[in-house]
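Colleague: sequence and predicted structure below; questions after.
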Amino acid sequence: MADTSPNMPRPMRAVWVRLGAPMEWYIIGLGAVIGIVTAAGAVGFATLLGLTERAGHSFLSQWSVWLLPLLPMAGALATGVIVHFGAPEASGHGVPQVIDALARKQGEIPARVGVTKVIASICTVGSGGSAGAEGPIVQIGATLGSVVGRWIKIGREHRATLVGCGAAAGIASIFGAPLAGVFFVLEILLRDFSRRTLTPIVVASVFSTAVTQVMLGKNEAIFAVNLPSYGFSIAEFPAYIMLGLVCAVIAVGFTRLLHWGEDVYDKVPVHPVFKPVTGAALLGVLGIVFVLIAQAQGGHEHTPAFYGNGYGVIRQLLDPGQYSGSYPGMGARGIQGMIEAGESAALPIVAWMIALALVFKAMGTTLTLASGGSGGVFAPSLFLGATAGAVFGMVLGSIGLLPPTASPASYALVGMAAVVAGATFAPLTAILMIFELTREPLVLLPVMLSSIVAMIVASLYMPDSIYTMKLRQAGLLLSAGRDLTEPIHASDPLSKLVSLYADKNVPDFVVTEPETGRYIGMVTGADMRTALIDREAIPLLLVAELMRTDLPGVRRDETLDTVLDKFAMHDVASLCVVSPIDERLAMGVITRREVLRRYRQALEEHA
């Protein structure tokens with residue numbers, strides 16, 4: 001068997017071998033180094049972004065409402081110049097570009113992409129552009145991992161892991177969420193939960209979080225929530241299921257709106273430098289409309305609620321006290337006062353303003369990112385979820401269905417997770433992210449329930465997540481197969497496959513090496529049915545005796561016609577999906593039926 005150990009300088013390799021350390025430890029050590037360096041970069045990025053945001057907010061609060069478009073347009077112009085002459089890949093929300101680099105380019109991301117992304121994102125978000133920091137930090141961390149891999153000439157089969165280490169470290173640092181960082185990479189970027197991939201990514205995330213806490217001198221949740229009187233009851237099950245449905249609709253609508261905007265801007269005959277300026281100008285118009293409406297209702301807003309990352313608004317929506325006090329448009333007693341008095345009249349004006357902020361946030365993010373601005377979609381998704389949940393809780397309160405121990409704040413928190421899960425198709429990431437962002441365990445059960453409901457319903461209405469829809473248009477199919485849920489090895493007894501075949505209705509099985517996860521063959525359903533004829537021999541047989549080694553793997557970046565040719569040459573129902581970085585690494589299974597369905601769908605779309 002060929003040597004698959006990581007490449008390293010010859011003197012270091014000699015020392016490593018003399019110490020008797022496994023070569024996998026080298027990758028783990030690199031993960032720790034990437035975590036440390038990424039943490040330093042993330043802290044610097046967050047600090048500069050925070051200073052720019054505060055300066056921009058100060059300017060906007062002193063200007064006339066009619067001048068609101070000027071600052072976003074100035075930031076957009078700077079972004080257009082930087083991205084056009086620095087790295088066009090740095091526009092948009094970043095994560096799709098990383099997925100594409102992993103799938104098509106063997107994890108190679110030029111260093112200029114990360115540098116350009118830092119500056120462009122600060123210009124976009126700091127000037128009021130409606131976007132977040134997660135996309136930039138993922139692209140920055142991934143770039144660092146890719147650069148380190150090329151610098152030390154690491155084997156390409158390990159480069160994806162280093163890219164994942166950088167991305168996880170970035171998420172862990174910027175959000176203080178090490179678990180969410182790990183699952184973000186495993187669920188969205190790599191789609192690989194093997195031990196050899198998981199270990200270095202976990203190490204990178206842990207080191208990044210620890211270094212960040214040391215540099216900042218604190219360990220606080222971004223959205224510290226205090227719900228001391230909350231208690232989840234079985235009676236709230238229908239409400240949280242309904243909230244999951246509502247958030248699924250919002251996630252689907254936001255995803256389609258964003259990609260519709262990207263398609264429209266791709267056809268706009270404007271120079272790339274000036275496209276972000278047009279989006280910022282329209283964002284400014286939305287801002288003027290919002291502020292004028294808010295002021296007409298007695299508010300004192302000078303900066304639109306949907307500008308920037310929206311963290312300030314989210315913090316207010318997660319504070320139960322905001323729903324029981326007096327603030328513009330809500331009346332003297334607030335929503336809780338109305339509930340206690342038994343009033344079920346129309347919603348207070350503030351609920352309609354929050355709903356308006358939701359709509360304007362989706363439109364503003366589309367204008368910012370589709371036109372070529374630089375930022376992420378995670379923070380906007382959190383904003384949409386918080387506003388949707390808050391309004392949903394207020395509706396329950398206005399009709400007398402909000403329990404005494406509950407608050408619209410708890411529904412706002414749950415809504416955040418549900419919209420993220422529905423938009424990204426990554427419920428584990430959403431659940432863990434919201435828990436780490438708020439550190440509120442009392443709402444964990446409804447968060448889990450609504451997130452799963454939102455993800456399932458959203459997946460019924462769109463085949464791809466907010467991160468992969470654009471990649472499908474470019475011909476990259478990432479969701480055509482099913483994941484490998486249980487490893488099968490040649491030394492396993494055949495009875496194991498018989499049980500899986502009967503219990504889980506799995507027709508074909510990919511066989512991998514125990515330690516490396518390398519694809520070595522398949523056991524097909526036809527072979528299984530042949531073996532079942534002689535049931536007495538099954539306890540004596542091993543998987544290796546039925547395994548076929550002549551079946552090719554399918555790379556995720558292959559076109560449909562190539563895959564159809566492979567199915568035509570081999571009369572089987574399924575083929576193994578392999579990594580484009582290392583074609584011996586099994587990633588999942590793709591079926592002939594699914595390929596034909598996608599092929600027919602493509603024909604209908606172009607008919």
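Modeller: All right, it came through fine. Only a predicted model underlies this, so the values are computations on that prediction, with no experimental measurement involved. Numbers count the residues shown, from 1 in each chain.
Colleague: residue 277 and residue 76 touch, don't they?
Modeller: Yes - under the criterion of Cβ atoms under 8 Å, residue 277 lies in contact with residue 76, with a separation of 4.7 Å. Quick note: C-beta positions are derived from backbone N, CA and C, even for glycine.
Colleague: and those two? which has more neighbours close in?
Modeller: The neighbour comparison of residue 277 against residue 76 (other Cβ atoms under 10 Å) goes to residue 76, with 34 against 24.
Colleague: would you mark the buried spots in stretch 354-366?
Modeller: Residues of stretch 354-366 classed as buried: 354-366 (neighbour count, 16 or more other Cβ atoms under 10 Å).
Colleague: out of those, which is nearest to residue 266?
Modeller: residue 366 (13.4 Å; Cβ to Cβ).
Colleague: and the gap between that closest one and residue 451?
Modeller: Distance, residue 366 to residue 451, by Cβ to Cβ, to the nearest Å: 24 Å.
Colleague: contact partners for residue 176?
Modeller: 209, 212, 213, 219, 220, 221, 222, 436, 437 (Cβ atoms under 8 Å, 6 or more residues apart in numbering).
Colleague: go again using 10 Å as the cut-off
Modeller: 209, 212, 213, 216, 218, 219, 220, 221, 222, 436, 437, 439 (Cβ atoms under 10 Å, 6 or more residues apart in numbering).
Colleague: now do residue 423
Modeller: 247-248, 250-255, 258, 377-378, 380-381, 384-385, 430, 454-455, 458, 462, 465-467.
Colleague: cool, and residue 438?
Modeller: 221-227, 318, 413, 416-417, 444, 447.
Colleague: next one: residue 264
Modeller: By Cβ under 10 Å, 6+ apart, the neighbours of residue 264 are 366, 370, 371.
Colleague: tell me which of these fall in helices.
Modeller: Using DSSP state H, the subset of these located in helices is 366, 370.
Colleague: which of the contacts of residue 264 sits closest to residue 403?
Modeller: Looking across the contacts of residue 264 and measuring by Cβ to Cβ, the closest to residue 403 is residue 366, at 36.1 Å.
Colleague: would you map the helices across the stretch 401-550 of the chain?
Modeller: 408-424, 427-438, 444-461, 469-473, 494-503, 525-533 (DSSP state H, counting those that start in this stretch).
Colleague: okay, those, which one's buried deepest?
Modeller: The highest mean neighbour count among those, using mean count of other Cβ atoms under 10 Å, belongs to helix 408-424: a mean of 32.
Colleague: now do that helix against helix 444-461, angle only.
Modeller: 40 degrees (axes from the mean of the first three to the mean of the last three Cα atoms, to 10 degrees).
Colleague: circling back to that earlier point, name only those of the contacts of residue 176 that count as buried.
Modeller: Buried, going by 16+ other Cβ under 10 Å: 209, 212, 222, 436, 437, out of the contacts of residue 176.
Colleague: could you break the protein into its assigned domains?
Modeller: For the chain, the structural domains run 10-216, 234-473, 482-605, going by automatic domain parsing.
Colleague: put together TSV for those domains, with mean pLDDT on each row.
Modeller: Shown next, in TSV, are the domains of the chain (pLDDT from 0 to 100):
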stretch	mean pLDDT
domain 10-216	84
domain 234-473	84
domain 482-605	76
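Colleague: select the longest helix from this structure.
Modeller: Ranking each helix of the chain by length (DSSP H) puts helix 24-62 first.
Colleague: got the buried residues for that helix?
Modeller: So, applying 16+ other Cβ under 10 Å, buried residues of helix 24-62: 24, 26-28, 30-39, 41-43, 45-46, 49, 52-53, 56-57, 59-60.
Colleague: so residue 583: helix, strand or coil?
Modeller: coil (DSSP: H, G, I helix; E, B strand; the rest coil).
Colleague: please verify my assumption that it contacts residue 553.
Modeller: Yes - contact criterion Cβ atoms under 10 Å: residue 583 and residue 553 qualify, at 5.8 Å.
Colleague: redo the helices of the stretch 401-550 of the chain as CSV? Include distance to residue 102.
Modeller: Output for the helices of the stretch 401-550 of the chain, formatted as CSV (distance: least, Cβ to Cβ, whole Å):
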stretch, distance to residue 102
helix 408-424, 16
helix 427-438, 17
helix 444-461, 22
helix 469-473, 11
helix 494-503, 29
helix 525-533, 31
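Colleague: wait, which of those is closest to residue 172?
Modeller: Proximity to residue 172, assessed across the helices of the stretch 401-550 of the chain by Cβ to Cβ, is greatest for helix 427-438 (9.1 Å).
Colleague: the helix or strand where residue 145 lies to helix 427-438, inter-axis angle?
Modeller: Under the criterion of DSSP states H and E, residue 145 resides in helix 134-151. Helix 134-151 and helix 427-438 are oriented at 110 degrees to each other (the same axes, to 10 degrees).
Colleague: report all helices and strands that the following helix or strand past helix 134-151 contacts.
Modeller: The C-terminal neighbour of helix 134-151 among helices and strands, as given by DSSP H and E, is helix 156-175. Counting contacts by 3 or more Cβ pairs under 10 Å, 6 or more residues apart in numbering; DSSP states H and E, helix 156-175 is packed against helix 24-62, helix 95-104, helix 134-151, helix 178-184, helix 195-216, helix 378-398, helix 427-438.
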